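Chemist: Quick one: sequence and predicted model below, then my questions.
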Amino acid sequence: MESAELVAILREVRERVRARYPEVSGAGNGLDERRIPLTDLMPLAHARDAALGKVAAIGTVNPRAGGPVNWVIQTWKRTLARMLDWHVREQVEFNRKIVTCIDTAIEALNDNNRAFMEVTSRLAEIHAEFHAEFKPEVEELRKEFRGEVQQLKDIRHHWAEWRLDWERKLAENEIQFLRSVADLQGAFQHRSTMMEVNFREQVRGQHAEFTAALERQGIELQKRMWADLERIRVEYERVIHSELRTVRLRGAETGRSATVGDVDVPRRPGGLPHMDYLHFAERFRGSEEYVKGGQQQYVALFSGRQNVLDIGCGRGEFLETMRDAGVTARGIDLSEESVAICRGKGLHADTADLFEYLSELPASSLDGIFCAQVVEHLEPERLPDMIRLCASRLERDGVIAIETPNPECLAIFATHFYLDPTHTRPVPHPLLAFYLEESGIGRIEVRRLSPAVESMPALAALPDEFREAFFGGLDYAITGRKL
């Protein structure tokens with residue numbers, strides 16, 4: 001069969017199918033004015049027609065142009081097709097059965113479309129009856145529905161505006177809340193900082209109080225310890241002195257003076273030379289202000305004493321110093337002019353020999369003795385007697401201070417010592433300390449006074465160690481306490 005004939009047959013079949021199965025749609029019935037399409041069977045019919053065309057083409061030979069060669073080729077093709085007919089016969093039957101199945105399916109779907117049309121018509125009738133019977137109510141419901149819809153539109157519009165306002169207020173509240181939180185956090189941080197500062201100050205104050213209390217306790221303990229050590233030292237020196245006095249043998253020497261009271265008192269040699277000794281002291285010892293300035297160091301030693309004796313009071317510099325410090329003191333001197341000067345100042349002074357005056361005093365009647373620039377005037381053999389006599393007149397813990405030129409300083413022999421014709425010999429401090437110890441005086445201390453370099457600046461060129469060893473203080477002071 002030629003292709004043109006096959007195409008014509010397919011078109012005829014398509015038209016017949018469309019005439020038999022027209023497209024059905026719902027008419028306007030008021031229920032739904034929109035077009036209601038049913039199942040479209042044309043694609044299925046087209047597929048079936050295409051299948052029929054393929055089935056009809058099995059076993060055919062395509063036409064060719066005329067001629068002997070082409071005739072032979074066409075004859076051979078038709079012979080081959082007949083020979084294969086037995087092989088494709090079952091396939092052709094199967095294809096035809098499939099086409100028949102498709103036709104049956106198209107018929108069934110067409111019946112379904114007609115049923116849908118009947119249902120649609122029935123629903124349209126029911127809708128028309130319902131619309132005719134309940135039209136006023138429906139209209140009312142429509143109006144109410146439109147009103148509700150309008151209200152919903154208004155609500156939606158208002159909701160949009162309210163939402164914007166709510167979001168704005170929410171943002172403002174959130175900002176205010178965050179600011180409040182920030183303020184609270186700042187206040188909390190400030191308060192915690194203040195609490196920490198107060199705590200640190202309290203701890204610092206407590207630590208300072210504790211440290212101060214600990215230091216005070218330490219100082220008190222040190223004071224108690226030093227006081228106990230001093231007491232032990234005094235007791236130890238008293239024991240040693242008592243034992244020494246017990247075992248010491250005192251032989252009577254020839255040429256000694258008679259005993260006055262309980263102390264041997266040697267006879268004093270001649271008195272002072274015939275000269276203006278006050279003028280001599282003013283030139284070579286110094287002015288009263290200079291001497292008083294040097295004796296200020298003894299104020300602390302005699303402070304609190306009530307019966308102090310100044311042996312060799314001279315112009316009364318020491319007596320004035322004690323009076324200014326509130327200490328009761330009196331003096332003795334061989335020079336009547338010196339005693340007169342002291343009395344003219346309102347001081348208590350007497351003209352007396354130290355040995356005779358001390359011998360007349362009761363034992364342990366003095367609590368302080370001061371003797372400046374006197375022991376170097378005594379004969380060497382009389383110095384121990386003077387020390388023993390002074391120690392016997394001191395009460396327990398009484399103070400004695402002796403000031404004299406320092407023989408360790410070589411400059412004293414080149415300048416001051418031999419200027420005074422009444423000087424006999426200098427007294428080294430170890431010897432004077434020994435006499436004091438033998439007489440029951442303890443806690444002995446020695447201090448160098450009047451550095452030689454102050455009066456002789458040339459000594460500053462010497463090495464320090466050499467100058468201190470051989471040109472130190474022109475005088476020295478030795479102090480002690482009665483055990």
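Modeler: Noted; the coordinates are in hand.
Chemist: so which helix or strand takes in the residue nearest the centre of the chain?
Modeler: Residue closest to the mean C-alpha point of the chain, counted by CA atoms, centre = their mean, is Arg200 at 8.9 Å. Element membership of Arg200 [criterion: DSSP states H and E] is helix 135-247.
Chemist: Which parts of the chain belong to which domain?
Modeler: What automatic domain parsing lists as the domains of the chain is 3-133, 260-482.
Chemist: Compare those and say which comes out lowest on pLDDT.
Modeler: If you rank the domains of the chain by mean pLDDT, domain 3-133 sits at the bottom with a mean of 69.
Chemist: And the helix holding Arg200, what does it pack against?
Modeler: Under the contact criterion of 3 or more CB pairs under 8 Å, 6 or more residues apart in numbering; DSSP states H and E, helix 135-247 touches strand 441-451. Any C-beta I mention is one placed from the backbone N, CA and C, and that applies to glycine too.
Chemist: Now do the strand it packs on and helix 135-247, the angle between them.
Modeler: Calculated by axes from the mean of the first three to the mean of the last three CA atoms, to 10 degrees, strand 441-451 forms an angle of 100 degrees with helix 135-247.
Chemist: Report all helices and strands that the helix or strand that strand 441-451 is followed by contacts.
Modeler: Sequence order places helix 452-455 as the next helix or strand after strand 441-451, per DSSP H and E. Contacts defined by 3+ CB pairs under 8 Å, 6+ apart place helix 452-455 against strand 473-482.
Chemist: what angle do the strand it packs on and strand 441-451 make?
Modeler: Using the same axes, to 10 degrees, the inter-axis angle of strand 473-482 relative to strand 441-451 is 160 degrees.
Chemist: Can you give me the pLDDT of Arg146?
Modeler: pLDDT for Arg146: 80.
Chemist: burial count for it?
Modeler: Residues lying near Arg146 (other CB atoms under 10 Å) number 10.
Chemist: Please apply the same query to the one 10 residues further on.
Modeler: Counted with other CB under 10 Å, the burial measure for Arg156 works out to 9 neighbours.
Chemist: Can you name the residues that contact it?
Modeler: Taking CB atoms under 8 Å, 6 or more residues apart in numbering, we find Arg156 in contact with no residue.
Chemist: what ranges do the strands span in this structure?
Modeler: If DSSP state E is used as the criterion, the strands of the chain fall at 259-260, 263-264, 308-311, 329-333, 349-351, 366-372, 394-405, 441-451, 473-482.
Chemist: In JSON lines, list those strands along with mean neighbour count and distance to Arg78.
Modeler: Output for the strands of the chain, formatted as JSON lines (neighbours: other CB atoms under 10 Å; distance: least, CB to CB, whole Å):
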{"stretch": "strand 259-260", "mean neighbour count": "12", "distance to Arg78": "193"}
{"stretch": "strand 263-264", "mean neighbour count": "18", "distance to Arg78": "187"}
{"stretch": "strand 308-311", "mean neighbour count": "24", "distance to Arg78": "176"}
{"stretch": "strand 329-333", "mean neighbour count": "23", "distance to Arg78": "178"}
{"stretch": "strand 349-351", "mean neighbour count": "17", "distance to Arg78": "186"}
{"stretch": "strand 366-372", "mean neighbour count": "24", "distance to Arg78": "174"}
{"stretch": "strand 394-405", "mean neighbour count": "21", "distance to Arg78": "169"}
{"stretch": "strand 441-451", "mean neighbour count": "17", "distance to Arg78": "163"}
{"stretch": "strand 473-482", "mean neighbour count": "22", "distance to Arg78": "166"}
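Chemist: Tabulate these (TSV), appending distance to Ala8.
Modeler: Listed next are these as TSV, based on distance: least, CB to CB, whole Å:
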stretch	distance to Ala8
strand 259-260	189
strand 263-264	183
strand 308-311	170
strand 329-333	171
strand 349-351	179
strand 366-372	168
strand 394-405	164
strand 441-451	159
strand 473-482	162
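Chemist: how about the ones you listed, which one is nearest Phe177?
Modeler: Closest to Phe177 of those is strand 441-451 (CB to CB; 83.3 Å).
Chemist: and that closest one with strand 394-405, angle?
Modeler: With the same axes, to 10 degrees applied, the angle from strand 441-451 to strand 394-405 works out at 30 degrees.
Chemist: ok, residues contacting strand 441-451?
Modeler: For strand 441-451, contacts defined as CB under 8 Å, 6+ apart pick out 230, 233-234, 237-238, 241, 294, 297, 387, 391, 400, 403, 406, 429, 433, 436-437, 472-483.
Chemist: The closest residue in space to Val138 that isn't next to it in sequence - how many residues pack around it?
Modeler: Of all residues not flanking Val138 in the chain, His131 sits nearest, at 6.9 Å (CB to CB, 6 or more residues apart in numbering). By other CB under 10 Å, 13 other residues sit near His131.
Chemist: Hmm, Glu139 and His131 touching each other?
Modeler: No - using CB atoms under 8 Å, His131 makes no contact with Glu139, being 10.2 Å away.
Chemist: OK, contacts around Ile478?
Modeler: By CB under 8 Å, 6+ apart, the neighbours of Ile478 are Ala401, Ile402, His429, Leu432, Ala433, Leu436, Ile444, Glu445, Val446, Arg447.
Chemist: Would you check which pair of the residues you listed lies furthest apart?
Modeler: The two members of those with the most space between them (CB to CB) are Leu436 and Arg447, at 14.6 Å.
Chemist: Point out the most buried one among the domains of the chain.
Modeler: Counting by mean count of other CB atoms under 10 Å, domain 260-482 has the highest mean neighbour count of these, with a mean of 17.
Chemist: tell me how far it is from the chain's mean position?
Modeler: 62 Å (CA atoms, centre = their mean, to the nearest Å).
Chemist: now stretch 99-108
Modeler: Remark: stretch 99-108 is offset 101 Å from the chain centroid, using CA atoms, centre = their mean.
Chemist: what about Leu184, how many neighbours?
Modeler: Applying other CB under 10 Å, we find 10 residues neighbouring Leu184.
Chemist: per-residue pLDDT, it?
Modeler: Predicted confidence (pLDDT) for Leu184: 92.
Chemist: quick one: it from Leu462, how far?
Modeler: 81 Å (CB to CB, to the nearest Å).
Chemist: one step back: tell me which of the contacts of Ile478 is nearest to Asp111?
Modeler: Proximity of the contacts of Ile478 to Asp111 (CB to CB) peaks at Glu445, which lies at 149.2 Å.
Chemist: what is the closest one paired to in the beta sheet?
Modeler: On the basis of DSSP bridges, Glu445 takes part in beta bridges with Thr479.
Chemist: Confirm for me that Ser398 is in contact with Gly368.
Modeler: That one is not Ser; residue 398 is Gly. Yes - counting by CB under 8 Å, Gly368 is a contact partner of Gly398 at 6.1 Å.
Chemist: relative to its centroid, which residue of the chain is most remote?
Modeler: Computed with CA atoms, centre = their mean, the residue of the chain farthest from its C-alpha average is Pro68, at 123.7 Å.
Chemist: Identify the residues contacting that residue.
Modeler: By CB under 8 Å, 6+ apart, no residues touch Pro68.
Chemist: Over to Cys101?
Modeler: Cys101 neighbours (CB under 8 Å, 6+ apart): none.
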